[in-house]
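sequence unknown, structure follows:
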């Protein structure tokens, strides 16, 4: 690639970033629709392999997913509203215990002054905020219907997501083929190889890790429900969402569940039962869910996920959050390619073969050390 074409690519990238920045308000439905198309393409491909047309396969996938989402919302929203109300009623007692028992114990044992803690104001603030979240759907609708323009925009975005997703999913293979035809002929093999690695990384995370998160949330919810915990659904969903980072969901969920069990039951049996629920969940994740849904594919590192989401949100808001993981996958693959290129270059020292794998080198070095 000549220097002139490199300048063209740099200018195109700069123009793309500028468009993303200025078009943030309207990009979210298109990005969500693109995500739906990306996630649904393997399912539609399987239906095509069974003899269905592309359009009919897309209709079947959309109908099934829509039915599942509607059923889940109809079941979960009332339950979540009830559990948030329960949490709101328990918050004052939790803060009082923390103020009257836990903090004096810390002060007596460690000599730390806790008189500066303004827990009364914290209790009032939490109670007010939790009270507002009790009617999440009503709050969203109220905000969206304050003006006619806001209502029209909100409705249009909501309708555009499935429409954009449907058409992108129907023409996904055609779009991919057309994009491949536009690649420079000399660089096409390398670009296709890198994009394949990006798809593997991103697919391993989105299709695999998100399914693991959902399954863990359901497992924790049902387990805590069997224990008898009033906040089982709320804690299970929180632990499932936090499982986007390995072990974070386990830590957050078990801490929240133990605190809730102490205030609801106050005995050792239920605390042991909570620990057993999360221990079983971790065993199922390690032995069944991760090998089955993610496999041995290399996903995104947890630190890279956290940094990408925070950086994307800081730079481009909600649109940046949607773009964070795809961009992180591309950057990760490019860094791997640059690392392999460096290891195979004379700048590293002894040149390696062009496609020589670093893991093979490490294995040979370990074998020599053992000898």
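Received it, and whenever you're ready, just let me know what you need. Small disclaimer: the values here were computed from a predicted structure and weren't measured. Numbering: from 1, shown residues only.

and residue 177, what element?
Per DSSP states H and E: residue 177 is located in helix 172-181.

other residues contacting that helix?
The contact list for helix 172-181, computed with CB atoms under 8 Å, 6 or more residues apart in numbering, reads 37-38, 41, 44, 54, 168, 188, 192. For glycine as for every other residue, the C-beta is placed from the backbone atoms N, C-alpha and C.

try stretch 271-288
212, 215-216, 219-220, 223-224, 226-227, 229, 239, 243, 250, 253-254, 257-258, 261-262, 265.

cool, stretch 246-255 as well?
Residues from elsewhere that reach stretch 246-255 (CB under 8 Å, 6+ apart): 213, 216, 220, 235-236, 238-243, 274-275, 278, 281-282, 302.

my read: residue 243 touches residue 211, true?
No: in terms of CB atoms under 8 Å, residue 243 does not count as a neighbour of residue 211; the distance is 10.9 Å.

more neighbours, those two?
Higher neighbour count among residue 243 and residue 211: residue 243, with 26 against 14, using other CB atoms under 10 Å.

separation between the residue nearest to the more buried one when sequence neighbours are not counted and residue 332?
Of all residues not flanking residue 243 in the chain, residue 249 sits nearest, at 3.1 Å (CB to CB, 6 or more residues apart in numbering). Here the criterion is CB to CB, to the nearest Å. By it, residue 249 lies 22 Å from residue 332.

ok, the two, which is more surrounded?
A direct count of neighbours by other CB under 10 Å for residue 249 and residue 332 places residue 249 higher, at 26 against 20.

buried residues, the helix or strand where that one lies. List them.
Using DSSP H and E, residue 249 sits within helix 248-264. By neighbour count on 16 or more other CB atoms under 10 Å, the buried set for helix 248-264 is 249-250, 252-254, 256-257, 259-261, 264.

closest one of the residues you listed to residue 79?
Distances from residue 79 to those, taken as CB to CB, are shortest for residue 260 (15.5 Å).

where does the stretch 251-371 of the chain have low pLDDT?
294-299, 349-371 (pLDDT under 70).

tell me where it has helices.
Assigned by DSSP state H, counting those that start in this stretch, the helices in the stretch 251-371 of the chain fall at 268-284, 302-343, 358-370.

returning to that earlier point: any quick PyMOL command for the buried ones out of the contacts of stretch 246-255?
Applying 16+ other CB under 10 Å to these, the buried members can be selected in PyMOL as follows:
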select buried, resi 213+216+220+235+236+238+239+240+241+242+243+274+278+281+282
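
I'd like the helices of the stretch 251-371 of the chain laid out as JSON lines, including distance to residue 163.
Shown next, in JSON lines, are those (distance: least, CB to CB, whole Å):
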{"stretch": "helix 268-284", "distance to residue 163": "38"}
{"stretch": "helix 302-343", "distance to residue 163": "17"}
{"stretch": "helix 358-370", "distance to residue 163": "45"}
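
which of those helices sits closest to residue 97?
helix 268-284 (15.6 Å).

what sits closest to residue 31 if chain neighbours are left out?
Using CB to CB, 6+ apart and skipping residues adjacent in sequence, the residue nearest residue 31 is residue 322, 4.4 Å away.

that neighbour and residue 314, how far apart?
Shown here: residue 322 relative to residue 314, a distance of 14 Å by CB to CB.

can you list the domains in this protein?
Structural domains annotated on the chain: 27-182, 191-298, 300-358, as defined by automatic domain parsing.

winner for burial among those domains?
Per residue and on average, the most neighbours among the domains of the chain fall to domain 191-298, with a mean of 18 (mean count of other CB atoms under 10 Å).

distance from the chain centre to that domain, please.
Between the centre of domain 191-298 and the centre of its chain there are 12 Å (CA atoms, centre = their mean, to the nearest Å).
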